[in-house]
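K.L.:
Need a 3D model of the sequence below.
(chains A and B)
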Amino acid sequence: MSEPVITVRDVRRSFRSVKKEEGLKGALGLILKPQYENHEALKGISFTIESGSFVGLIGANGAGKTTLLKILSGLIPPSSGEARVLGYEPFKRAITFRQSISLVMGQKAQLWWDLPAAEAFDLIRAIYEIPMPVYRERLNTLAELLDIQKHLHTQIRRLSLGERMKMELIGAILHWPKVIFLDEPTIGLDVLAAHKLREFLRVFNQKEKATIILTSHNMDDIERLCSRVMIMRSGEMIYDGNPDGLTRKGERRLRLRLMQNPEAGELAQTIGMPVSAIDIGNGNDEAATEAAEEARTFHIHLKTEQIVPVLQSVMGKYTIIDMGIEEQSLEFVIQRLFEGTKLG
Amino acid sequence: MKLQWRLATLKNGLQDATAYRLEFLIQILSSALVPAAIQSVLWYAMFVLGGKTDVAGMTYAQMLHYTLTSILFTQIRGGDNDFELAEMIREGQLSNYLLRPVGVVEFVYLRGVAPKLLIAFFCLLAGMGAGWAIGITPERLVGAMFLALIGNIIHYQISASLAAAAFVWEEAYGILMVKNMIVSLLSGELLPLNLFPPSMQWIWKSAPFYLYVFGPTQYALGRWSHQEFLMQLGVSGLWLIVGWALIRMSWGLGIRRYLSLGG
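P.N.:
Model (predicted):
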């Protein structure tokens, strides 16, 4: 096992914000007697990451993912605890540290709106002192991988979201960072653009051995790229391990279509399970779609050893038109984790 | 001192400022002509309609010379980088710059000053071309422009220090607007500062703002001796040191409070 490039020990971070009540009274109160509230964004996070890893950092909104990335990239200091990246204390923001890392935030533009990307890249080349032949070679490689060559001389404001995101990514890694933090890089991208971006990240990680931490709400990103997943909930790390480990905890999804079209409650009673274990539709949506309602496809989340007794109960009362046993999707498992349900 | 990224930043700032050339020109012309027009109307009212022969020791012609010459330096005075900095701190866009291996305050300055340098060059040419009519010598014009450029740096230093208030106070805009109003009055871009009553001259003399427009104009017009000019260069050097210390202190304290919002 290689040396860890990132070490995080009991990192905590809290923020204080002003609480404002509604209306004029609230506005006056804000001036005369402001009320503050503390929010603990990170509650004692610890982990290490080895060189060349591709790690997925996931969690619901407000789980603390971006705060963690900001601490690791040196934008904000932790309230307590210790973080080290490439042996540096990030918040000291040593020049050599900044030359070795990169942070891409899907929601924040780093390039200049009115200039073509090529102009911005030229400035980045000068900032990182990249020799011209190396710069040209890298730019060609990156532009080719992301299929964006023809847009290099177009004003950033005139590019589509996907094209802009690709440019942002090129701008962030032209200096060949050893550690890359990606905060929702595929946000708002269409399927094709997201695929291109993912493929590019995979190749870059494999060829350049860069350590990449990726946060994303898109489970496709995580499943296809990350060999390790860290899941955060309310500032705490609730899972750290192989993504397969999440879906191979003996949970399965039994898909059923029944001739009698019973209500979910009735079916739950028959099989002796809670209604929450049954989804109608594709199993991931909270509400059943109209089409799924017509088809009445039930998805029952159960353990492997429950399959036979459940099927026996179902066949004792209903006629099965169609059935199948599926592996639990990562998205479903993570959704359950966000909601606080323990894995079986 | 690494020159490469600094030159590239100047180039980038110039490209950005001139991306929309017509807008760039309109901004320059309006910021030059509006104060000049106001001053001209004021002098006309005082000297022609009011029948005055001199005001604070200056004749009508001298007032007009002041107005015309000060236009050259008003254009060089600092821009709105402080508002940009305060906005970046407030909105979290500062993160983009903090991640790069360069000093963020200097980086923003260089991007902002690039178009000013271009304008300074054209103002210098214009001044040399038309200055002979009112007795401005090329060497005085070059010296005055040099002082105006130092004034530009001092202005940015003070502005960037004030903008650091945005680290702790979201409404730092207010401070910056007040500062701009004070600068307009005490830099000499609206009125020659010798119009101040003698008992109030200390006000503008104790701030560095007169080095932006009034000082360069006085030197260009021959109202400051070379010796006075050298002394004022020394004063501006002291202000540069004060400004540098202010930035170090305000940003050193402020950056610990930065929240990098919006991500």
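K.L.:
okay, CA-based contacts and neighbour counts for the rest of this
P.N.:
Noted.
K.L.:
helix/strand/coil for whichever residue of the stretch 101-250 of chain B sits closest to chain A?
P.N.:
Nearest to chain A, among the residues of the stretch 101-250 of chain B, is residue B:101, at 5.1 Å (CA to the nearest CA). Three-state assignment for residue B:101 (DSSP: H, G, I helix; E, B strand; the rest coil): coil.
K.L.:
Can you tell me how far it is from residue A:333?
P.N.:
For residue B:101, the distance to residue A:333 equals 41 Å [CA to CA, to the nearest Å].
K.L.:
now swap in residue A:182 and tell me
P.N.:
In terms of CA to CA, residue A:182 sits 23 Å off from residue A:333.
K.L.:
who's more crowded, these two?
P.N.:
Neighbour count, other CA atoms under 10 Å in any protein chain shown: between residue A:182 and residue A:333, residue A:182 has more, with 23 against 18.
K.L.:
Now do the more buried one against residue A:12, distance only.
P.N.:
Residue A:182 is 21 Å from residue A:12, by CA to CA.
K.L.:
Also residue B:154?
P.N.:
Taking CA to CA, one finds residue B:154 at 40 Å from residue A:12.
K.L.:
what's the distance between the helix or strand where residue B:176 lies and the middle of its chain?
P.N.:
Secondary structure from DSSP states H and E places residue B:176 in helix B:173-186. The gap between where helix B:173-186 is centred and where its chain is centred comes out at 12 Å by CA atoms, centre = their mean, to the nearest Å.
K.L.:
In CSV, list the C-alpha atoms belonging to it.
P.N.:
Written as CSV, here are the backbone C-alpha positions of helix B:173-186 (Å, rounded to 0.1, in the frame of the first residue of the first chain):
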residue,chain,number,x,y,z
TYR,B,173,-20.0,48.1,0.1
GLY,B,174,-21.1,51.1,2.1
ILE,B,175,-17.6,51.9,3.3
LEU,B,176,-16.3,51.7,-0.3
MET,B,177,-18.9,54.1,-1.6
VAL,B,178,-18.1,56.6,1.2
LYS,B,179,-14.4,56.2,0.3
ASN,B,180,-15.1,56.9,-3.3
MET,B,181,-17.0,60.1,-2.5
ILE,B,182,-14.2,61.3,-0.3
VAL,B,183,-11.6,60.4,-3.0
SER,B,184,-13.6,62.4,-5.6
LEU,B,185,-13.4,65.4,-3.4
LEU,B,186,-9.9,65.2,-2.0
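K.L.:
who touches it?
P.N.:
B:82-83, B:86, B:159, B:162-163, B:166, B:190-191, B:193, B:204, B:209-210 (CA atoms under 8 Å, 6 or more residues apart in numbering or on different chains).
K.L.:
Please name whichever of those residues scores lowest on pLDDT.
P.N.:
Across the contacts of helix B:173-186, the member with the lowest pLDDT is residue B:82, scoring 81.
K.L.:
Now do the helix or strand where it lies and helix B:173-186, the angle between them.
P.N.:
Using DSSP H and E, residue B:82 falls within helix B:81-91. Between helix B:81-91 and helix B:173-186, the angle comes out at 180 degrees (axes from the mean of the first three to the mean of the last three CA atoms, to 10 degrees).
K.L.:
and chain B, which residues reach chain A?
P.N.:
Contact residues, chain B versus chain A (CA under 8 Å from any CA of the partner chain): B:4-5, B:8-9, B:12, B:15-16, B:19, B:93, B:95-96, B:98-102, B:256, B:258-260, B:262-263.
K.L.:
Would you list the buried entries among the residues you listed?
P.N.:
Buried members of the residues of chain B next to chain A, scored by 16 or more other CA atoms under 10 Å in any protein chain shown, are B:5, B:8-9, B:12, B:15-16, B:93, B:95-96, B:98-102, B:258-260, B:263.
K.L.:
Tell me which of those residues fall in helices.
P.N.:
Cross-referencing these against helices under DSSP state H gives B:5, B:8, B:9, B:12, B:15, B:16, B:95, B:96, B:98.
K.L.:
Identify the residues contacting the fourth one.
P.N.:
With CA under 8 Å, 6+ apart as the criterion, the residues that contact residue B:12 are A:119, A:120, A:123, B:111.
K.L.:
now, among those, which is nearest to residue B:247?
P.N.:
Of all those, residue B:247 sits closest to residue B:111, with 17.6 Å by CA to CA.
K.L.:
distance of the closest one from residue A:67?
P.N.:
Taken as CA to CA, the span from residue B:111 to residue A:67 is 29 Å.
K.L.:
do residue B:105 as well
P.N.:
Taken as CA to CA, the span from residue B:105 to residue A:67 is 24 Å.
K.L.:
Kindly report the same for residue B:59.
P.N.:
64 Å.
K.L.:
cool, and residue B:53?
P.N.:
Applying CA to CA to residue B:53 and residue A:67 gives a distance of 68 Å.
K.L.:
Look at these two and report which has more neighbours.
P.N.:
residue A:67 (24 against 12).
K.L.:
Pull the contacting residues for that one.
P.N.:
Applying CA under 8 Å, 6+ apart, the residues near residue A:67 are A:41, A:42.
K.L.:
I'd assumed it was in a helix, is it?
P.N.:
Yes. Counting by three-state DSSP, residue A:67 falls inside a helix.
K.L.:
follow-up on the earlier one: isn't the residue of the stretch 101-250 of chain B closest to chain A up against residue A:100?
P.N.:
No. Residue B:101 is beyond contact range of residue A:100, at 9.4 Å (criterion: CA atoms under 8 Å).
K.L.:
residue contacts, residue A:152?
P.N.:
A:116, A:117, A:118.
K.L.:
Select the longest helix from the chain.
P.N.:
Chain wasn't specified; assuming chain A. Chain A, longest helix under DSSP H: helix A:191-208.
K.L.:
could you do chain B instead?
P.N.:
Max-length helix for chain B by DSSP H is helix B:226-254.
K.L.:
Which elements pack onto it?
P.N.:
Other elements packing on helix B:226-254 under the criterion 3 or more CA pairs under 8 Å, 6 or more residues apart in numbering or on different chains; DSSP states H and E are helix B:138-163.
K.L.:
and the lowest-mean-pLDDT helix or strand in chain B, what does it pack onto?
P.N.:
The least trusted helix or strand in chain B, going by mean pLDDT, DSSP states H and E, turns out to be helix B:21-43, with a mean of 82. Judged by 3+ CA pairs under 8 Å, 6+ apart, the packing partners of helix B:21-43 are helix B:60-74.
K.L.:
quick one, the helix it packs on and helix B:173-186 angle?
P.N.:
Using the same axes, to 10 degrees: helix B:60-74 against helix B:173-186 is 140 degrees.
K.L.:
What's the mean pLDDT across helix B:60-74?
P.N.:
Here the average pLDDT along helix B:60-74 is 89.
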